[in-house]
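S.K.: pasting a predicted model and its sequence here:
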Amino acid sequence: MLMKKEIKLRRSIGTIIRDMLCGLLVFSILFQIAIIPTFALDTEHPNQIITAEESIIDTTHQYDSSLPNSTENLPEETQNIDSNGILETENQVVTSQDILETTTTKDSITEASETKIKESEFLIETQVETERQEFSEDKKLEEVSNTDGIVEDPTNTIKDDELQDLHRRIQNLSAPTEDESEDFTLNEKDIKLDIGKEFQFQLADTNGTKIDGVEWFCRTIYPYDRLYSSEQIQQENCCSINSDGIIKANKSGFLEVWAKYKNYLYMCKVTVRTKAQTFDENANIQTERKAEEIAQNMLHLNDVDKVLAAHDYLVDNVQYDHSYLRKGAYGALIDGKAVCMGYAQAFQKLMEKLNVESSVVVGNAAGQAHAWNRVKLYGKWYYLDVTFDDQPRKPLISYKYFLIDRDTLGKDHSDWYFPQEEQTGGLEYRYYPYKKMGIIAENQEQLENVFKSQLNSNNFKNMFVYVLVHKNIDQLTVKRKLESLVGVGTSVYEESSWKETINDYTLYYYQVNNIPTHSAKKVKFVNVLSGNSDKETTSKLVLTFDKNIDNLSVNDIVIKGVDKRDLKQIKEGIYELSISNISIPIGSEIIVQVNKRGFEISPNTHSVRLNIVKESAPAAVFKAIDDRVGLLENIEVGMKYTVGDGVWHKITSTEPVRVKTIYQRPISIIKTSSDASRMDSDPQIIRLKNQNEPTWVKAVSCTGKNQNGKIIHVSIQMEYQRKDDTVWTSCTGREITGLASGEYYVRYKASGSSLASPFTTVHIDVSPIDSTPDGDVVKPDISDKDVVPPPVPNVEPTDNGGSTGNGG
């Protein structure tokens, strides 16, 4: 901002320069009149530009209000002269052609010169008038400013004295909440909008009733500090607001919305995102929705199966692609393409939706930077690397890096951080997926059964066979056992490049060709039906054939989206298959496929709709009582909850449960299955709110030995505590009085699902004289030049007149 004397000084200099330029132009014209008849014109350059010596007047330059108010950026009255000495101005450049355009004789040249002289005289008169106007503007600036300090924005056209007074009042507030009334609440304190979007502001009383007669204003901070009424705010600002409190985002930027009711003031910060920020936000929303959609079919699973289902989904649906280096979870879940970070972030996103504690781990693997995950299951941490398990050429999903311990991971991963107190699991789930697939063998009998179940599950001449074998069975024994089962003339090749060593086990892949075929027994697959009533979850499927299928096993039946348990024959040609862990959308149909060597089953597929009946979702209530603690109420026996750390806690009574939360993690509560006909309920997710620290509160010192210290700029939504005290005391008004010297903590109270905010520390000192509201505030520690308007938590009314904050 410029001082008024500096503005006048620069304008005086500009006046002198323009007067000199006018004189030079007149002299130049008269000189040309005298010499042009003597010298021939340059016909090859008829538009030669007048140089600096020939000069020209520029009277169009006035104070540019669009520039910041600083002496460094004030427009100069003289313009730049280029390296050739040519004077550049905002006016049309005068050339010798302009002077001689219609003249070929001395008389016509004289006439043109006289015209130019008159134009110069007019320009001089115009400059005099401009100086008068500038002097008048200076007087207006003096009238507007009541100090000798910084000059207000000179282009501000607001003439409303009442609005100007309100603007100064807002500027002089010590805190944005200083002129609020406890009887009313603004519905938001900090919002973000996308360009073109609208939001309805509302002032309400303690009962939530909308207040009429509210005046709405917008205050811009950059480039000028201005206050606009709802009628004056222009479209060129980032937002506009109408008299009903509806704000519309016009372009990216920041401003404050102020609500005035009676003599009370309320403020909300408004940020309008850039298009790039909106794009990123929309991408985040898409990613969140996709993750929720995927997780919806996994919510009822136990935590180990949740991890397994998420792992398998990403391996099946994501392709490794170097071009997606920066697309993260969005690339993996939306486009189906990612690098290691995308796999890891997508897995992390799914775990968030499934309320399993997890994190992305960054380190090195295969000689380069790499990312993977860790998850917490039943109090212990396990590692997994979905990227390394995605081996698209193999017929089986790899689980080499699924739920492994730190030592196993450290064989080919390095340089990652882990807390020293981290309690890691062992090999509890190391072979879990292979056991579910039925391909693990610890002895030769199990080895033979694994091979038989795969060979007999179809009539193909050529097929892959795989088995996970304990180290006590050597490789040669494994191959000979397979050769003995397929018979003479069949070739067995080991795919050695696919072989994996998994701790004490080895996974072998074999390509079996030219399997002998025999005359197949024709069997008709009649249908498949649910074995449960409509009021029960499907746990049994009944498969009907027109005749028996000898030695039919669960390995001969292919179903996606469920776990197969066991198969038994209940009648001639009728079999009952037990299933569990249904992971398909409610009301969906599944395809049941049956194949058996030696049988020609036609058709070999049928579909069936599965019925899913769940327990009713809980309706528990969380009441925050501290910054990390709250009570879980309205609960019943048979429920269980987790705070997102992978540990489920059983609820054994209807008494409220004290819960210690984890920062930024929700609480999940489910009703466990009461019998086999019902599945666990969908989880009730309670998302906790975090409030901002009230950094703007201040302390007023005591005088002498009196206990008359104060803490000001507080509200009834806050509470305070003296250092070393154990009890928080509620604030009852705008200030706390009668305080002794010492250190105090002030914070927003816990309320509903809003946890108590972090506290601000203030010091009440002893002063021999009356103190002013400028006591020592420990946080934030910034200089005056860096002070910005403090964030204000969003305070919402509750039934008892209290508040909840959602400004975290």
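M.R.: Great, that's in hand.
S.K.: and T220, what's its pLDDT?
M.R.: T220 is assigned 92 on the pLDDT scale.
S.K.: partners of it in the sheet?
M.R.: Beta-bridge partners for T220, by DSSP bridges, are R226, L255.
S.K.: numbering from 34 from now on, please.
M.R.: OK, 34 is where the count begins now, so the last one is T253.
S.K.: for it, give its distance to E289.
M.R.: Note on T253: its distance to E289, by C-beta to C-beta, to the nearest Å, is 8 Å. For glycine as for every other residue, the C-beta is placed from the backbone atoms N, C-alpha and C.
S.K.: likewise R252?
M.R.: As judged by C-beta to C-beta, R252 and E289 stand 4 Å apart.
S.K.: need the phi and psi values for V521.
M.R.: The phi/psi pair for V521 (degrees, to the nearest 10) reads phi -70, psi 140.
S.K.: got a list of what it touches?
M.R.: For V521, the contact set (C-beta atoms under 8 Å, 6 or more residues apart in numbering) is empty.
S.K.: can you check W531 too?
M.R.: W531 sits in contact with 424, 426-427, 540, 542, where contact means C-beta under 8 Å, 6+ apart.
S.K.: repeat the analysis, applying 6 Å as the threshold.
M.R.: 427, 542 (C-beta atoms under 6 Å, 6 or more residues apart in numbering).
S.K.: now Y526
M.R.: Q544.
S.K.: what separation do you get for I535 and Y526?
M.R.: 22 Å.
S.K.: what is the burial count for the closest residue to R720 other than its chain neighbours?
M.R.: Nearest non-adjacent residue to R720, counting by C-beta to C-beta, 6 or more residues apart in numbering: P699, 4.7 Å away. Neighbourhood size, P699 [other C-beta atoms under 10 Å]: 19.
S.K.: and D537, by the same measure?
M.R.: D537 has 13 nearby residues by other C-beta under 10 Å.
S.K.: quick one, phi psi at the closest residue in space to it that isn't next to it in sequence?
M.R.: Closest residue in space to D537, ignoring its immediate chain neighbours: K504 at 5.1 Å, by C-beta to C-beta, 6+ apart. The phi/psi pair for K504 (degrees, to the nearest 10) reads phi -60, psi -10.
S.K.: what's near enough to touch the nearest residue to S563 once chain neighbours are set aside?
M.R.: Of all residues not flanking S563 in the chain, T571 sits nearest, at 4.7 Å (C-beta to C-beta, 6+ apart). Going by C-beta under 6 Å, 6+ apart, T571 touches 563, 565, 643-644.
S.K.: by neighbours, which of the residues you listed wins?
M.R.: Busiest of the contacts of T571 [other C-beta under 10 Å] is L643, holding 21 neighbours.
S.K.: can you map out the helices along the stretch 484-633 of the chain?
M.R.: 508-519 (DSSP state H, counting those that start in this stretch).
S.K.: do the chain as well
M.R.: Using DSSP state H, the helices of the chain run over 37-68, 129-133, 139-177, 194-204, 308-329, 336-350, 361-363, 373-387, 419-422, 439-442, 465-470, 477-488, 508-519.
S.K.: between the ones you listed, which has the poorest average model confidence?
M.R.: Taking the mean pLDDT of these, helix 129-133 comes last: a mean of 38.
S.K.: and K485, how far from Q508?
M.R.: Counting by C-beta to C-beta - K485 and Q508 are separated by 20 Å.
S.K.: what's the answer for Y543, then?
M.R.: 11 Å.
S.K.: looking at those two, which is more packed in?
M.R.: Taking neighbours as other C-beta under 10 Å, Y543 and Q508 compare with Y543 leading, 22 against 13.
S.K.: picking that back up, for the residue nearest to R720, give me phi and psi.
M.R.: Per degrees, to the nearest 10, the backbone of P699 is at phi -80, psi 170.
S.K.: show me what contacts it?
M.R.: By C-beta under 6 Å, 6+ apart, the contact set of P699 is 718-720.
S.K.: now do the same end-to-end measure for stretch 212-219.
M.R.: The separation between the terminal residues of stretch 212-219, taken as C-alpha to C-alpha, to the nearest Å, is 13 Å.
S.K.: chain center to it: distance?
M.R.: Chain-centre distance of stretch 212-219: 31 Å, with C-alpha atoms, centre = their mean, to the nearest Å.
S.K.: give the buried residues for that stretch.
M.R.: Using 16 or more other C-beta atoms under 10 Å as the test for burial, stretch 212-219 gives 212-215, 217-219.
S.K.: on that earlier part again, N296: which of the contacts of P699 is nearest?
M.R.: Among the contacts of P699, R720 lies closest to N296 (C-beta to C-beta), at 37.2 Å.
S.K.: how many neighbours does the closest one have?
M.R.: The burial count for R720: 10, using other C-beta under 10 Å.
S.K.: can you list the low-confidence ranges for the protein?
M.R.: 34-192, 268-269, 679, 802-841 (pLDDT under 70).
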